[in-house]
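Peer 1: Dropping the sequence and predicted coords here.
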Amino acid sequence: MGLEQIATAMERVASVLRRKPQAGLREDSPATAHWDGGLRTRVLSDTGQAVATDMPVELGGDAAAATPGWLLRAGLASCAVTRIAMAAAAEGITLRTLEARVTSRSDARGLFAIPEADGRPVPAGPLAMELHVRIGAPGVPAERLRALVASTERCSPVTCAVEQPLPVALHVDVAA
């Protein structure tokens with residue numbers, strides 16, 4: 001879809017949401033992970049899209065697919081790029097370059113529930129994450145591009161989910 005079509009689609013949806021805020025509330029498409037043996041999974045969407053995961057050999061996997069943690073970083077990077085592209089389209093900025101790279105630092109002790117020496121738990125998730133954005137648009141000043149990127153952070157769903165974690169309700173069904 002081109003720049004103008006993206007901007008038009010966004011304005012159409014924003015117009016509806018301004019008039020009917022309740023139209024913005026919806027159930028998100030679930031992700032259903034199926035165990036494929038070993039440490040491999042196959043994650044399916046309701047529309048049939050699929051993603052495979054596996055763990056590194058050092059952790060008992062076959063390293064045959066991306067790890068779930070990498071998918072988290074990929075989700076953050078792709079969501080940031082998508083939201084920045086949306087903002088650029090809304091402002092009529094034609095991008096030449098746009099990429100995001102997400103890095104993180106983790107402590108594997110958390111994955112194995114191994115506490116600190118003083119007994120404090122070690123988090124299983126990333127201890128820190130960084131989002132690096134590279135952006136370029138002919139004739140657009142660098143400060144405007146930096147401001148564009150900064151303005152999208154609070155509107156990026158995955159960034160918000162990572163920065164403002166929410167409780168996950170656990171439901172367990174035991175199969176026969």
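Peer 2: Perfect, I can see it now.
Peer 1: Remind me what the longest helix anywhere in the chain packs against, helices and strands.
Peer 2: Secondary structure of the chain per DSSP state H: the longest helix is helix 68-90. Judged by 3 or more Cβ pairs under 8 Å, 6 or more residues apart in numbering; DSSP states H and E, the packing partners of helix 68-90 are helix 3-19, strand 50-53, strand 97-105, strand 128-136, helix 142-152, helix 157-163. For the C-beta atoms, the positions are set from N, CA and C on the backbone; glycine is no exception.
Peer 1: what's the closest of these to T67?
Peer 2: Among the helices and strands packed on helix 68-90, the nearest to T67 by Cβ to Cβ is strand 50-53 (6.3 Å).
Peer 1: Can you mark which positions in the longest helix of the chain are buried?
Peer 2: 69, 71-73, 75-77, 79-90 (16 or more other Cβ atoms under 10 Å).
Peer 1: same deal with stretch 124-135?
Peer 2: Those would be 126, 129, 131, 133, 135, for stretch 124-135 by 16+ other Cβ under 10 Å.
Peer 1: could I get those as CSV with distance to K20?
Peer 2: Putting the buried residues of stretch 124-135 into CSV (distance: Cβ to Cβ, whole Å) gives the following:
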residue, distance to K20
P126, 37
M129, 35
L131, 32
V133, 33
I135, 33
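Peer 1: List the contacts of the closest residue to L3 other than its chain neighbours.
Peer 2: What sits nearest to L3 in space, not counting adjacent residues and going by Cβ to Cβ, 6 or more residues apart in numbering, is A89, at 5.0 Å. The contact partners of A89, by Cβ atoms under 8 Å, 6 or more residues apart in numbering, come to 3-4, 6-7, 10.
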